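Engineer: sequence plus predicted model, see below.
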Amino acid sequence: MKQIIIAAMALLSATVANAEKPNIVFLMSDDQSTYTMGCYGNQDVQTPNLDRLAADGMTFDNHYNTTAICMASRANVMTGMYEYKTGCNFSHGEMLTDTWQKSYPMLLRKAGYMTAFAGKFGFELREAPNKPKLALPANDFDRWGGGAGQTFYKTSMNKSMAEYAKDYPHSTLSYGAFGQVFIRDAVKAKKPFCLSISFKAPHKPATPDPRFDSVYAGKTFKKPENYGRENGEHFSKQSKQDRQYSRFYEWNYADKYDEVMATYHQQVYAVDVAVGMIRKTIQEQGVADNTVIIFTSDNGFFCGSHGYGSKVLPYEESTRVPMIIYDPRHSNSGKKLRCDALTGNIDFAPTMLKLAGLPVPGNMDGRDLMELYRNPEHSIHESLALINVWGKAPTHAIGVVTKDMKYIHWGYAAKGFEPTEELYHLSKDPLELTNQSDNPEYVSAMQQMRQVYDKHLSKWQSEAVSYNNYQRYGTIFDRNATWSDKELLLAKPNKTQVKK
């Protein structure tokens, strides 16, 4: 009898402990610019559910992806670390299982959370750099709807999501339905849950859900003030050497802007509807008062700004993305608050762990975003690094950003190129229309930002993984290293992998 009483007390204690832990919903779109949302000032778009989420919670105006490309960004999010510590990006290599074990989904599940993932997982795993690639970690989640590579817009082609294909033939809403089913099951199981959904939309190829064809039919979109090639002439020669530059014309921004934007925003509209589906179910299941919701994108998108397309480069449209947090338990909720503190995608993992009452591993570079939710005037970062080591060598660069300034160093100096610096006063010039690097009035600012850059590079040099060709960038990005030293390192081939 005594043993039964003890067991019952233990079960009751566990139930109470779980009830105190908030549920966490992490929603991430793919290639979504801040252009695309009403809560970020675009009056041409319809994002009612995301705008409502922003009104209920807090909108972040200076949120950056520390690497602005799918594979690396998703690794940043999962682990709370910069790319040179995850060792994970296209043309470099996969994440190692030891690193994955310290990701937020793994740590939350070990702590008793019921976990689920659906959508574009974005990276693969190996036990060691020279070991075979492993299958996607479906068994590391209680519910799995993920897929390899880019996944598909046609739901039936995503094996793990095929059961939703009849009602939701387009994948975007299928992920909303997946979330609904998982939330119901988690509530029934009386366990705290963490739902992570990575939408494919609005990633190319543009494939909107036809049920929303009427939303932007015949719509004319206002172009951003930094739209077009004439507003990108001051960007470095290095930045014009890869697909970001050519896609301005390849994707018809110059000739069919309204048509391209209508398709792009239609895909975002479906994401918005899926967000609404999930929030409705959270409400219906009676857990709305204890469920924290986070929404963001894995990287931004140029959409013709400065005469560029795509992402990757360390400019604003590429690296700065929408981010909203809603914590219904907090007194700041419902006040339509905004926060202009500097935040990054490395902050999500530590934030979710702290929400769950768990310690943050010392390897994580991010900080707790809820400090800002409690006090929007607070600061958690003095600076962040913006990294690109994907694509053609000239475009490889590190940028560093503070709340007011951005500095970018382009070190590639082969024949026809020379090292180039760019400096933007973001608080005065958020559209990056004026490079202040040669302005005598910014000599002091340049010196300060170079010091910030060197500080971040020093961390790279001391903390980069020893595999997947990350060590060499400690020299390649060194402002004081000779080009001959860098050229020797660039001659060493990267590990081959399918490109993004």
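Structural biologist: Sure, I can see it.

Engineer: look up how far Lys237 lies from the residue nearest the centre of the chain.
Structural biologist: What sits nearest the mean C-alpha location of the chain, by C-alpha atoms, centre = their mean, is Asp298, with 2.7 Å. Distance, Asp298 to Lys237, by C-beta to C-beta, to the nearest Å: 28 Å. Heads up, the C-betas are built off the backbone N, CA and C, glycines and all.

Engineer: hmm, back to that, how many neighbours does the spatially closest residue to the residue nearest to the centre of the chain that is not a sequence neighbour have?
Structural biologist: With sequence-adjacent residues excluded and distances taken as C-beta to C-beta, 6 or more residues apart in numbering, Asp298 is closest to Ser73, at 4.3 Å. Number of residues near Ser73 (other C-beta atoms under 10 Å) recorded here: 29.

Engineer: who's in contact with Ser73?
Structural biologist: Counting by C-beta atoms under 8 Å, 6 or more residues apart in numbering, Ser73 touches Asn65, Thr66, Thr67, Gly122, Asp298, Asn299, Asn345.

Engineer: got it, and Asn89?
Structural biologist: Thr67, Ile69, Met71, Ala72, Ala75, Glu83, Val389, Trp390, Asn468.

Engineer: beta partners of it?
Structural biologist: Gly93 (DSSP bridges).

Engineer: what's the single longest helix in the protein?
Structural biologist: helix 257-284 (DSSP state H).

Engineer: report the buried residues of that helix.
Structural biologist: If you call a residue buried by 16 or more other C-beta atoms under 10 Å, then helix 257-284 has these buried ones: 257, 260-279, 281-282.

Engineer: ok, stretch 159-166 next?
Structural biologist: Ser160, Met161, Tyr164, Ala165.

Engineer: one step back: now do the longest helix of the chain: which elements does it pack against?
Structural biologist: strand 23-29, helix 48-56, helix 171-189, strand 193-198, strand 291-297 (3 or more C-beta pairs under 8 Å, 6 or more residues apart in numbering; DSSP states H and E).

Engineer: how about the ones you listed, which one is nearest Asn480?
Structural biologist: Set against Asn480 and scored by C-beta to C-beta, the helices and strands packed on helix 257-284 come closest in strand 291-297, at 35.5 Å.

Engineer: mean confidence for whichever helix or strand comes after that closest one?
Structural biologist: Using DSSP states H and E, the helix or strand that follows strand 291-297 in sequence is helix 316-319. Mean per-residue pLDDT for helix 316-319: 98.

Engineer: so how far is helix 316-319 from its chain's centroid?
Structural biologist: The chain centre lies 11 Å from the centre of helix 316-319; the measure is C-alpha atoms, centre = their mean, to the nearest Å.

Engineer: can you dump the C-alpha coordinates of the helix or strand following it into PDB?
Structural biologist: Using DSSP H and E, the next helix or strand after helix 316-319 towards the C-terminus is strand 323-326. This file holds the C-alpha atoms of strand 323-326, laid out as PDB (Å, rounded to 0.1, in the frame of the first residue of the first chain):
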ATOM      1  CA  MET A 323      10.200  37.500 -35.900                       C
ATOM      2  CA  ILE A 324       7.300  37.500 -33.500                       C
ATOM      3  CA  ILE A 325       6.900  35.900 -30.000                       C
ATOM      4  CA  TYR A 326       3.700  35.500 -28.100                       C
END
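
Engineer: can you list the domains in the chain?
Structural biologist: 2-381, 385-490 (automatic domain parsing).

Engineer: the shortest one: end-to-end distance?
Structural biologist: When you say that, I think you mean domain 385-490. Terminal residues of domain 385-490 lie 21 Å apart, using C-alpha to C-alpha, to the nearest Å.

Engineer: now do it: distance to the chain's middle.
Structural biologist: Its chain's C-alpha centre and that of domain 385-490 lie 21 Å apart, by C-alpha atoms, centre = their mean.

Engineer: stretch 268-275 now?
Structural biologist: With C-alpha atoms, centre = their mean, you get 17 Å for stretch 268-275.

Engineer: report the helix or strand with the lowest average pLDDT across this protein.
Structural biologist: helix 2-20 (a mean of 42; mean pLDDT, DSSP states H and E).

Engineer: before we move on, which element is the residue nearest to Asp298 in?
Structural biologist: Counting by DSSP H and E, Ser73 is found in helix 70-79.

Engineer: show me where pLDDT drops low in this structure?
Structural biologist: Low-confidence segments of the chain, defined by pLDDT under 70, span residues 1-19, 493-500.

Engineer: CA-only coordinates of stretch 254-261 in CSV, if you can.
Structural biologist: The C-alpha coordinates for stretch 254-261 follow below in CSV (Å, rounded to 0.1, in the frame of the first residue of the first chain):
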residue,chain,number,x,y,z
ALA,A,254,12.6,44.1,-63.7
ASP,A,255,9.8,43.1,-66.2
LYS,A,256,7.1,41.5,-64.2
TYR,A,257,7.4,42.8,-60.7
ASP,A,258,3.7,42.8,-59.8
GLU,A,259,3.2,39.3,-61.2
VAL,A,260,6.2,37.9,-59.4
MET,A,261,5.2,39.6,-56.1
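
Engineer: quick one: Glu382 and Val400 touch, right?
Structural biologist: No - contact criterion C-beta atoms under 8 Å: Glu382 and Val400 do not qualify, at 10.1 Å.

Engineer: which of these two has more residues huddled nearby?
Structural biologist: Each of Glu382 and Val400 has its neighbours counted (other C-beta under 10 Å); Val400 has more, 24 against 10.

Engineer: please work out which residues outside the strand or helix carrying the more buried one touch it.
Structural biologist: With elements taken from DSSP H and E, the one containing Val400 is strand 397-401. Defining contact as C-beta under 8 Å, 6+ apart, one finds that strand 397-401 is touched by 64, 238-239, 313-314, 319, 342, 383-388, 406-411, 426, 449, 452-453, 456-457, 460, 477.
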